[in-house]
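Engineer: A predicted structure for the sequence below; I have some questions about it.
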Amino acid sequence: MAASTLQRFLLPVRTATKCAASTFTARRCLLSAAYTDPKVWEQRESDPQSLAELASLMDRSYERKFPVSSLTISRFVDSISSSEEVDQAEYYLYKFRHSPNCWYLRDWTVHSWFRQCLKYGARDKALYTLKNKVQFGMFPDEFTFNLLIDSYLKDGDYKGACSVVEEVMLQEAFDQPTTQILSLHALGKYLAIKPDLSWQEERNMGAALMLAGLKQENSAGLSAQLLGHALIGKVEIARGIHAVFHQMPLIWTPGYLGRSLAVMERVCSDAGDLKLSKEVLEYMQKVLQELSSTPASKTEEENNTENEAGDSVDEEYELERAKLPQYTAKFKELSEQLQAQGKVDSGSLEALLSRLVQEKLRISEESEVAQYQKRVQEWEAERRQLVQREKEMREKAQQERLARQAARAAR
């Protein structure tokens, strides 16, 4: 039942606007060639290494309880040349993450890992290590996230793209405009195919829509915020606020449906051209109807069935559920105001988000490509410093070894 309302009311709106958006989507809805061009990355100073020797070095170090340096694991990942070697690198990344030096996994090593996975057709490995980020230390930057999302979008795998977006949400990495736009685009595409979602997936998608939408001051962003709050509010009313914020980057203050109404109020009071998607407003209306028609006793029974402790619904939950009649009346009032002011966009959420891609993606790419080039230079400077330090330490160790040998020979 968790996804029934979402399936029925987030249907593609087959209008002229939608057709125009679809035409554009087929032409360009992904990252440009300049953004995905690996030239900047591959022009780094080469450091040829033997994987067999590196693997042997790491194995001996782990056997003797010696630390493995971040340079060693970095060299191993950089030297991958086949999908089989991706499997080996996954093993050593796991070993490194569970070693005393785990805090020193370099950002460029994480970036290199995802690039190598994409290069050698091991995207499933990239997603697996991302989903198990604590076990592998995979906390990529937004540029890396974008490359991975883009890879799924190009193949039409919207579920996979949204799996990556979920990790962006959990990492709260929506600072870059390109990440915001790509994430919203992926979410809109996935919702348009009417997926069968569990309540946890509804909550996660709601959180991603809300957090990414908060960064966009336009009709697409506000419509995403409204839908995100509605999805989270549905979970809150049905299962309590703890189900909302547990292991999520969300506040624990009740009232997510109230916050969705606040989005509507903001659009009503706006003197500009902000609008809300008609499709999203219809979904919000059905959520309120569905929650109002579901007896509280039935919801509590479902919660207690899943809760091994059998805890009853807390007082805050009861108070929030009691506000449903107020929310419904307020929604009706605000909907009428939006209609009267011409602030309802007849297109679907997918069409709004496709328009956002068309208008802003290329502009946001340019600055981020420049930032990436600068970051790669900084990574290279840091790597050279580490290589120099490693060289000095080896020379010092060699001198100490020779001194010990000389001392023994003098006895």
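Structural biologist: Received, thanks. Numbering: from 1, shown residues only.

Engineer: pLDDT wise, what is the residue most central in space within the chain at?
Structural biologist: The centroid of the chain falls nearest to residue 168 when counting by CA atoms, centre = their mean (2.0 Å). On pLDDT, residue 168 comes in at 96.

Engineer: Surely it is in contact with residue 186?
Structural biologist: No - assessed by CB atoms under 8 Å, residue 168 is found out of contact with residue 186, at 9.8 Å. All C-beta atoms are positioned from the backbone trio N, CA, C, and that covers glycine.

Engineer: Give me the secondary structure label for the residue nearest to residue 61 when sequence neighbours are not counted.
Structural biologist: Distances taken as CB to CB, 6 or more residues apart in numbering place residue 68 nearest to residue 61, at 5.0 Å, with adjacent residues excluded. When classified by DSSP: H, G, I helix; E, B strand; the rest coil, residue 68 comes out as coil.

Engineer: before we move on, what about residue 207?
Structural biologist: helix.

Engineer: and the helix or strand where residue 165 lies, which residues are buried?
Structural biologist: Taking DSSP states H and E as the criterion, residue 165 maps to helix 158-171. Neighbour-count burial for helix 158-171, counted by 16 or more other CB atoms under 10 Å, picks out 158, 160-171.

Engineer: what does stretch 32-52 give?
Structural biologist: 35, 36, 51.

Engineer: Likewise for stretch 232-251?
Structural biologist: Under the neighbour-count criterion of 16+ other CB under 10 Å, stretch 232-251 has 232-241, 243-245, 248, 250 buried.

Engineer: and which of those residues is nearest residue 401?
Structural biologist: residue 248 (53.6 Å; CB to CB).

Engineer: What count of nearby residues applies to the residue nearest to that closest one when sequence neighbours are not counted?
Structural biologist: Spatial nearest neighbour of residue 248, excluding adjacent residues (CB to CB, 6+ apart): residue 207 at 6.0 Å. Applying other CB atoms under 10 Å, we find 24 other residues in the vicinity of residue 207.

Engineer: now residue 357
Structural biologist: Around residue 357 there are 21 residues (other CB under 10 Å).

Engineer: From residue 408, how far out is it?
Structural biologist: Using CB to CB, to the nearest Å, residue 357 is found at 71 Å from residue 408.

Engineer: Residue 96 touches residue 69, doesn't it?
Structural biologist: No - applying CB under 8 Å as the test, residue 96 and residue 69 come out as separate, 9.6 Å apart.

Engineer: the more surrounded of the two?
Structural biologist: For the pair residue 96 and residue 69, the greater number of neighbours falls to residue 96 (26 against 19), based on other CB under 10 Å.

Engineer: Enumerate every residue touching that one.
Structural biologist: Residue 96 makes contact with 68, 73, 102, 105, 137 under the criterion CB atoms under 8 Å, 6 or more residues apart in numbering.

Engineer: so the first one makes contact with residue 99?
Structural biologist: The one in question is residue 68. Yes - using CB under 8 Å, residue 68 is in contact with residue 99, at 6.0 Å.

Engineer: In this protein, what helix or strand scores lowest on average pLDDT?
Structural biologist: Least confident element among the helices and strands of the chain, by mean pLDDT, DSSP states H and E: helix 16-27 (a mean of 39).

Engineer: quick revisit: spatially nearest residue to the residue nearest to the centre of the chain (excluding sequence neighbours)?
Structural biologist: Looking at residue 168 with CB to CB, 6+ apart, the closest residue is residue 145, at 5.3 Å.

Engineer: cool, residue 372 as well?
Structural biologist: Of all residues not flanking residue 372 in the chain, residue 143 sits nearest, at 5.0 Å (CB to CB, 6+ apart).

Engineer: for residue 210, same thing?
Structural biologist: Using CB to CB, 6+ apart, the closest residue to residue 210 is residue 228 (3.0 Å).

Engineer: how many neighbours does the one you found have?
Structural biologist: Neighbour tally, residue 228, other CB under 10 Å: 27.

Engineer: quick one: the residue nearest to residue 372 from residue 364, how far?
Structural biologist: Taking CB to CB as the measure, residue 143 and residue 364 are separated by 12 Å.

Engineer: Show me the common contact partners of these two, please.
Structural biologist: Shared contacts of residue 143 and residue 364 (CB under 8 Å, 6+ apart): residue 176.

Engineer: residue ranges for the strands of the stretch 151-300 of the chain, please.
Structural biologist: Per DSSP state E, counting those that start in this stretch, the stretch 151-300 of the chain carries strands over the ranges 276-277.

Engineer: so where do the helices sit in it?
Structural biologist: 158-171, 177-192, 199-213, 219-239, 241-245, 256-269, 278-293, 296-306 (DSSP state H, counting those that start in this stretch).
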